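K.L.:
Could you work out the structure for the sequence below:
(2 chains)
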Amino acid sequence: MKQRSDLRVALFFLIPNFVGFSVFMLGPVMFSLGASFTNWNLVKSVPFRFVGLENFGTLFQSQDFWLYSINTLYFMLGMPVAIAGSLFLAVLLSQRLRGVVLYRTLFYLPSFTAGVALLILWKALYNPSFGPINELLNVLLEPVRAFADAVSAAALLRERGPFGWIAASGEALPFLAGLAEAQPPEWLASTRNLFALRPNAVGVDAAQWGLGARDAIIFMGVWTAVGGGNMLLYLAGISNIAPELYEAAEIDGAGRWAKFRHVTWPQLAPTTFFIVIMSFIAGLQGGFEQARVMTLGGPAGTTTTLAYYIYIKAFEEFQIGYASAVAWVLFSIVFAITLVNWRFGSRYVNY
Amino acid sequence: MSTTSAQRTFAAWWFRAGRFHVSHAFLVVFSLTMLLPFLWMLLASVKPQNEVELLNPFPTVWQWENYLEVLTHKDISFGRYYFNSLFVAAWVTFLACFTSSLAGYAFARLRWPGRDHVFKLYLATMMVPGVVTMIPNYTLMVKLHLLDSYLGLVIPASFTAFGTFLLRQFMLTIPPSLDEAARIDGASHWRIFWDIILPLSRPGLIVLAIFTFMGNYGSFFWPLVLIKSEHLRTLPIGMLFFDTIYGKQTNLIMAASVMNIFPLILLFIVLQKYLVRGIQLGAVKG
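P.N.:
Take a look at the predicted model:
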């Protein structure tokens, strides 16, 4: 067939979208790159000038940038959990079961209604003193505390009794004392975290180990995402797998796990690849809404992600130049990681 | 292997029964995990404030007036926020569907030099973090005097690379023989677009409409930086300020949250079959 070109018609169809796309997308991307080399500030009467790479120098030398990058990466730890959960739910839902549509609807509900209202809801749920989560944890912890109390009392009373070894060993007693006073986490008010990261410096401090604001936001994120779009993508992926593959596997005597491992998982590789790439892109620029609505980036900056940092710099301190520099660094990271994902991942997808 | 057929039948029966049982146990547990926060929100929204903090799930008095109190509150105009959110989301949805379907046609059904490069450019911008474009767009709005206006909320959101991508993918699945036949009959491109491609793209359009509507109904960042006047606040911004000032009145905050997500749940129930298909569509040919 003869190759024809519909350039003039195409322009007609493309122009409404392309004009907007250029003005609000392409233009701004280039513009913010330019702005990142300036000291542009919307409030201060500092004379506007080009400062070269100064913004980037300041940025990489500031401890805040590294801390907030770590926060951003920390939040992304929820990603593999959420993706694995989505896959698990999709596998469950892909069976011929009663009520699959109802389950799917319920799982999808959090991600469909996600937004400020749900963030406010979770803030109330996580309230350290009045929130239902901690009230429930207190009910569960009560018998633990009572038990630890009783055991350490018994151990102290009689060195030789059934619990005598506890007092004798000298190590278990402080542990028991700690257990007797166990309190639920302070959640959004706490700088503690599972990696014992320090709040105000790059480093680790054992006293910081525990559950805190960052973990709270991760749990919430997993709850929101697990039954969302990724689960539906996996469901679609599973329904596209040829039944013959399963039949062949069954003839080879494959059990349920073997069928998952050797049929479902490799067949879903393109879906997983897509989901991982999209999750990285979203994760690296995430955390803004949570920070703005739930924690204002605190406590001690532990929930400030790069996106929230840029917001503060641009829209609360009006340092447009500096904020643009941070935004471009973020963009470069997203771009680099997507590229790496692409090169690394596409090798495994072409089976 | 020397299993009798009776043994095998029994094993199959047991296996199936076992699978049935275990899966449902998991599914029910997960469903409850998803539901409980919503149930707590609903129940908290009809409690007197002093009962919100109690572990007791049900209120002693069902205080439905909480909703009325939010709607008639002196410091927030919840009805106004509702209107603003719906109004902005509806306009963005209309404009985005319009421009995206035209562009989608150009990418999916027309041949022109550089088409695939321009499409890659569109795709690449989906990777650009929102904050990168937000800053220049904000300064642009300042220059155009569109700060604190409906137009400023609607216009920048109405041109989406994602929508173009989605509709292009959808239009690619329509057999090319259809418009070739129409072209032989002498139909113009506009007619082919309007009478053939657009009607056949309806499921794709519906999906794009739902996503755009939802995204803009819940949009937070852009209205937060753009809107200063109380009467132009959208629901998320209104909610944020309500929570900032009256955060201690959890029952009222929860009533407001319920009203905030109610339209979404309604939309979801009505349109869920399109949605499920649509999310899957977005990635099929990605």
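
K.L.:
burial of the residue of the stretch 251-351 of chain A found nearest chain B, as a residue count?
P.N.:
Nearest residue of the stretch 251-351 of chain A to chain B, counting by CB to the nearest CB: A:Gln285, 3.8 Å away. C-beta coordinates here come from the backbone N, C-alpha and C atoms, glycine included. Neighbourhood size, A:Gln285 [other CB atoms under 10 Å in any protein chain shown]: 24.

K.L.:
list the contacts for it?
P.N.:
A:Leu306, A:Ala307, A:Leu330, A:Val334, B:Pro129, B:Gly130, B:Val131 (CB atoms under 8 Å, 6 or more residues apart in numbering or on different chains).

K.L.:
Determine which two of the residues you listed are furthest apart.
P.N.:
Spanning the widest gap among the contacts of A:Gln285 are A:Leu306 and B:Gly130, at 12.1 Å by CB to CB.

K.L.:
For the closest residue to B:Tyr122 other than its chain neighbours, give its distance to A:Phe175.
P.N.:
Nearest residue to B:Tyr122, sequence neighbours excluded (CB to CB, 6 or more residues apart in numbering or on different chains): B:Ala161, at 4.5 Å. In this view, B:Ala161 and A:Phe175 are 56 Å apart by CB to CB, to the nearest Å.

K.L.:
Which one's more surrounded, those two?
P.N.:
A side-by-side neighbour count of B:Ala161 and A:Phe175, using other CB under 10 Å, places B:Ala161 first with 22 against 12.

K.L.:
my guess is the more buried one meets A:Phe18, correct?
P.N.:
No: with contact defined as CB atoms under 8 Å, B:Ala161 does not count as touching A:Phe18 (10.6 Å).

K.L.:
Which positions in the stretch 201-350 of chain A make contact with chain B?
P.N.:
Residues of the stretch 201-350 of chain A found near chain B (CB under 8 Å from any CB of the partner chain) are A:223, A:227, A:229, A:232-233, A:235-236, A:256, A:271, A:274, A:281, A:284-285, A:288-289, A:292-293, A:307, A:310-311, A:314-315, A:320, A:323-324, A:327-328, A:330-331, A:334-335, A:338.

K.L.:
can you pull out the helices in the stretch 101-250 of chain A?
P.N.:
A:116-125, A:132-157, A:164-169, A:172-180, A:213-225, A:229-239, A:243-251 (DSSP state H, counting those that start in this stretch).

K.L.:
closest one to B:Val270 among these?
P.N.:
Of these, nearest to B:Val270 by CB to CB is helix A:229-239, at 17.5 Å.

K.L.:
what pLDDT, on average, does that closest one get?
P.N.:
Taken as a whole, helix A:229-239 has a mean pLDDT of 90.

K.L.:
Over to stretch B:265-284?
P.N.:
73.

K.L.:
now stretch A:62-74
P.N.:
95.

K.L.:
for the stretch 51-200 of chain A, which spans come out with low pLDDT?
P.N.:
A:157-172 (pLDDT under 70).

K.L.:
80 instead, please
P.N.:
A:152-178 (pLDDT under 80).

K.L.:
Excluding chain neighbours, what is closest to B:Ala182?
P.N.:
Nearest to B:Ala182 is B:Ile192, by CB to CB, 6+ apart, at 5.1 Å.

K.L.:
quick one, domains of the chain?
P.N.:
Here I'm looking at chain A. A:1-30, A:36-127+A:190-349, A:129-184 (automatic domain parsing).

K.L.:
other chain: chain B
P.N.:
If you go by automatic domain parsing, chain B breaks into B:5-65, B:67-284.

K.L.:
model confidence over the shortest one, on average?
P.N.:
For domain B:5-65, the per-residue pLDDT values average out at 82.

K.L.:
residues in contact with A:Trp122?
P.N.:
A:Ala216, A:Met220, A:Met294, B:Pro37.

K.L.:
how far is the one helix or strand B:Phe262 maps to from where the chain is centred?
P.N.:
Using DSSP states H and E, B:Phe262 falls within helix B:250-284. Relative to its parent chain, helix B:250-284 has a centroid offset of 7 Å by CA atoms, centre = their mean, to the nearest Å.

K.L.:
Please apply the same query to stretch B:150-162.
P.N.:
For stretch B:150-162, the distance to the chain centre is 15 Å (CA atoms, centre = their mean).
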